[in-house]
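# here are the coordinates; sequence isn't available:
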């Protein structure tokens with residue numbers, strides 16, 4: 001198993017429960033997890049980048 005786990009776009013979309021169109025809108029605003037384009041044109045996201053994005057989305061709630 002690779003030390004740097006990468007996720008395919010459909011895996012990211014499934015995990016964050018978002019449509020492809022909504023994800024691309026978020027990406028256009030610079031608010032999506034960091035993605036990398038492979039030479040074959042497919043997008044990948046490192047597990048560590050997705051986890052960091054999740055943490056950046058967390059907002060404290062009032063008690």
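Yep, that arrived. All figures in this text were calculated on a predicted structure; none of them were measured in a lab.
# List the buried residues of the lengthiest helix in the chain.
Of all the elements of type helix in the chain, the one with the most residues (DSSP state H) is helix 47-57. Under the neighbour-count criterion of 16 or more other C-beta atoms under 10 Å, helix 47-57 has 49, 50, 53 buried. Every residue, glycine included, has its C-beta placed from N, CA and C.
# just stretch 28-44 next, same as before
32, 33, 35, 43, 44.
# Excluding chain neighbours, give the residue nearest to the third one in space.
Taking C-beta to C-beta, 6 or more residues apart in numbering as the measure, residue 35 lies nearest to residue 43, with 4.7 Å between them; neighbours along the chain are not counted.
# Could I get the contacting residues of that neighbour?
Shown in contact with residue 43 (C-beta atoms under 8 Å, 6 or more residues apart in numbering): 8, 9, 35, 36, 37.
# Could you pull out the helices in this structure for me?
Under DSSP H, the chain gives helices at 9-16, 20-28, 47-57.
# and the gap between residue 14 and residue 20?
Here residue 14 is placed at a distance of 11 Å from residue 20 (C-beta to C-beta, to the nearest Å).
# List the contacts of the spatially most central residue of the chain.
The residue lying closest to the centre of the chain (C-alpha atoms, centre = their mean) is residue 33, at 3.7 Å. Residue 33 is in contact with 12, 16, 45, 49, 50, 52, 53, counting by C-beta under 8 Å, 6+ apart.
# rerun at 10 Å
Each residue near residue 33 by C-beta atoms under 10 Å, 6 or more residues apart in numbering is listed here: 7, 12, 15-16, 23, 26-27, 45-46, 49-54, 56-57.
# likewise residue 16?
Here residue 16 is in contact with 22, 23, 26, 32, 33, 50, 53, 54, 57 (C-beta under 10 Å, 6+ apart).
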